[in-house]
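>>> Below is the structure, and that's it, no one-letter string:
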């Protein structure tokens, strides 16, 4: 079987990366080829290395906001790994249209809201403040616009009256770890029908 090669970009603990990697076994149509971070101390890099996956890091801080220069460095390990699919998994840098266009149609992201609602940050607090009855997470194809692009999957959770943003975030994260691997498996097999959970 000719497996699709998947590169995963992270910024922190890498819990979504772990759920993706641990799912890529057996008859899964893809395999991880690189875990890349913008922080050399990201805990997820150690988790990836423990699983035998090549890792790399490019610190964004020396570039002082020069996104093009940072992305040029980020591209080096990424292009060397020759991924078929790039998964953003808690990667906390906004990527330019030039970077995204290189991977157009093969870059995925997971976002903690039911897109198109609540693009950007603080999604859990915003859903509670709006009085929403449900919240969740979405996996989408990445385009140049922030948290935009075709939706490939969503998982929904009910918002309880006593929920804090932290409570809600913890419940949504459980579903992120189910949704992202399910979408990747389907996407890597060439099927872009959205995965809807539960």
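In hand now; what should we look at? In this text the structure is predicted, and so the values were computed from the model without any measurement.
>>> Could you use CA atoms for every contact and neighbour count after this?
Noted.
>>> Can you name the residues in contact with the worst-scoring helix or strand of the chain on mean pLDDT?
Sorting the helices and strands of the chain by mean pLDDT, DSSP states H and E puts helix 97-102 at the bottom, at a mean of 94. By Cα atoms under 8 Å, 6 or more residues apart in numbering, the residues outside helix 97-102 that reach it are 71, 107, 142, 143, 144, 145.
>>> which of the residues you listed tops the neighbour count?
Within those, most neighbours by other Cα atoms under 10 Å means residue 142, with 27 neighbours.
>>> what does the average pLDDT come to for whichever helix in the chain runs longest?
In the chain, with assignment by DSSP state H, the single longest helix is helix 165-188. If you average the pLDDT over helix 165-188, you get 97.
>>> try stretch 12-19
On average, stretch 12-19 scores 97.
>>> Just the buried residues of the least confident helix or strand of the chain, please?
99, 100 (16 or more other Cα atoms under 10 Å).
>>> And stretch 126-143, by the same measure?
In stretch 126-143, counting by 16+ other Cα under 10 Å, buried: 127, 128, 135, 136, 137, 138, 139, 140, 141, 142, 143.
>>> Tell me where the model's unsure across this protein.
The chain contains no residues with pLDDT under 70.
>>> domains for it, by residue range?
Following automatic domain parsing, one finds the domains of the chain at 1-103, 110-198.
>>> returning to what we had before: just give me the closest of the contacts of helix 97-102 to residue 27.
Ranked by distance to residue 27 (Cα to Cα), the contacts of helix 97-102 are led by residue 107 at 21.7 Å.
>>> Any idea what the closest one is bridged to?
residue 86 (DSSP bridges).
>>> Settle this for me: it is touching residue 148, isn't it.
No - Residue 107 is beyond contact range of residue 148, at 12.0 Å (criterion: Cα atoms under 8 Å).
>>> Mutual contacts of those two, please.
Residues touching both residue 107 and residue 148 (Cα under 8 Å, 6+ apart) are 141, 142.
>>> Tell me which stretches of this structure form strands.
4-10, 30-37, 55-57, 85-88, 107-111, 134-141, 151-158, 195-197 (DSSP state E).
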